[in-house]
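K.L.:
have a look at this fold, sequence not included:
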Ligand SMILES: Nc1ncnc2c1ncn2[C@@H]1O[C@H](COP(=O)(O)OP(=O)(O)OP(=O)(O)O)[C@@H](O)[C@H]1O
């Protein structure tokens, strides 16, 4: 299922001045793509992916999946879409402290009405992410890399078509970064499109396409080569 973003714009008002945090952005993501999104702090990366995750309403433009414009979904439909189609790996800590690792992974399964149980599937995802030995542990006893693996397993529990990861390696060492990136690459290889915001040059090589966001304008780098301008126009 291709994701088609057309003329997407998000306008904010700061002081009394309106500005486009995301400015007329268009691109298409195919199943299995592993998309890097890079760019300076404040350039509009999170605003863009939050609109794709239906967490934010665009000012203008469309986001189509299989002919359905998700921008026009009502709140309840938008939540259902997010729950079934999007796996979201947020930048910060996102586990629930009162649940053990296995139950944290199961949470999205139970947010919508579904047949069956999520226990085996959640355990299998913990095996895939290399932390099944921590199934009964609580988040406060886990390292940053282990918590990131929990977030990845949880993002996959509903078999999403798209995984969005907002700086998944921001606080990890080189070795753990490589392991987390291998996991994300494997996810893309199964046909789930991955969109990753990153500032981490080590992480970039794992993606198949790279986009640069600059003051709300998104440009794809030819041949996945990265040209970063440090000047702002
Ligand atoms: N609710 C809001 N109201 C007004 N301005 C906002 C709002 N949310 C974000 N912005 C502004 O929009 C711009 C884009 O923000 P965004 O968080 O998308 O950037 P980013 O590229 O993800 O940054 P970072 O790399 O620091 O996370 C920034 O200038 C930010 O200050």
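P.N.:
Noted; the coordinates are in hand. Given the structure is predicted, the values throughout are model-derived calculations rather than measurements.
K.L.:
ok, now which ones touch residue 54?
P.N.:
Residues near residue 54 by CB atoms under 8 Å, 6 or more residues apart in numbering: 70, 73, 78-79, 81-82, 86. Where you see a C-beta, it was placed from the backbone N, CA and C, and this is true even at glycine.
K.L.:
relative to residue 59, which of those residues is nearest.
P.N.:
Distance to residue 59, by CB to CB, is smallest for residue 70 among these, at 15.2 Å.
K.L.:
the closest residue to the closest one other than its chain neighbours: neighbouring residues, count only.
P.N.:
Counting by CB to CB, 6 or more residues apart in numbering, residue 70 lies nearest to residue 63, which is 5.1 Å off, once chain neighbours are set aside. Using other CB atoms under 10 Å, the number of residues around residue 63 comes to 20.
K.L.:
repeat for the one 10 residues further on
P.N.:
Counted with other CB under 10 Å, the neighbours of residue 73 add up to 17.
K.L.:
that one: what's it in contact with?
P.N.:
54, 81.
K.L.:
which bits of the chain sit near the ligand?
P.N.:
Within the chain, the positions near the ligand by CB under 6 Å from any ligand atom are 12, 14, 21, 39, 41-47.
K.L.:
residue closest to the middle of this structure?
P.N.:
In the chain, the residue lying closest to the centroid (CA atoms, centre = their mean) is residue 164, at 1.1 Å.
K.L.:
how far off centre is whichever strand or helix holds that residue?
P.N.:
Here residue 164 sits within strand 162-166, counting by DSSP states H and E. Distance of strand 162-166 from the chain centroid (CA atoms, centre = their mean, to the nearest Å) equals 1 Å.
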